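Chemist: this one's structure only:
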């Protein structure tokens with residue numbers, strides 16, 4: 001009687017080399033994709049901050065209509081600082097724990113007829129270091145793109 005050896009099933013799976021190739025490909029995709037994702041996210045949040053500044057400017061105009069001046073629009077009747085006429089953070093980013101920008105009245109002239117409002121990125125958020133956004137009562141807009149604290153002539157736009 002002859003004994004036939006049973007055929008052993010072939011083992012399937014990945015070799016170490018195949019696994020390393022897959023990990024390398026995923027690493028390249030992440031390395032290339034993450035900066036693009038971050039840039040798109042920041043652009044989206046900046047657009048929301050710009051929208052909030054426009055809503056803030058509308059609130060300043062309503063304040064002027066009611067009081068004939070922009071004066072006393074900040075907390076405790078102050079002329080600058082956190083506004084009482086509008087939320088102190090970017091309201092399109094509800095809830096407050098997710099805020100991306102702090103909104104403030106930056107300057108007000110002596111006669112109370114011109115203002116500058118500002119959206120400053122919060123220090124612990126994705127927008128930190130991305131530069132302040134400004135809106136001026138005469139309609140000018142600025143983005144301190146290089147985040148040096150000075151708005152240069154080529155930064156008087158939001159899409160620079």
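Modeler: That came in fine, so what should we check first? Predicted model only: the values in this text are computed from it and were never measured.
Chemist: average pLDDT across stretch 98-105?
Modeler: The average pLDDT within stretch 98-105 is 86.
Chemist: What lies in contact with that stretch?
Modeler: Residues from elsewhere that reach stretch 98-105 (Cβ atoms under 8 Å, 6 or more residues apart in numbering): 45, 48-49, 52-53, 56, 60, 73-74, 79-83, 86-90, 93, 115-122, 125-127, 133. (Glycine included, C-beta is placed from N, CA and C.)
Chemist: Just the buried ones out of those, please.
Modeler: Neighbour-count burial (16 or more other Cβ atoms under 10 Å) applied to the contacts of stretch 98-105 gives 45, 48-49, 52-53, 56, 60, 73-74, 79-80, 82-83, 86-90, 93, 115-122, 125, 127, 133.
Chemist: Filter the contacts of stretch 98-105 down to just the ones in helices.
Modeler: 45, 48-49, 52-53, 56, 60 (DSSP state H).
Chemist: Need the max-distance pair from those residues.
Modeler: 45 and 60 (22.4 Å; Cβ to Cβ).
Chemist: chain center to stretch 85-99: distance?
Modeler: Taking Cα atoms, centre = their mean, to the nearest Å, one finds stretch 85-99 lying 12 Å from the centre of the chain it belongs to.
Chemist: and the spatially most central residue of the chain, what pLDDT?
Modeler: A centroid search over the chain (Cα atoms, centre = their mean) returns residue 45, at 3.5 Å, as the residue closest to the centre. Residue 45 carries a pLDDT score of 86 in this model.
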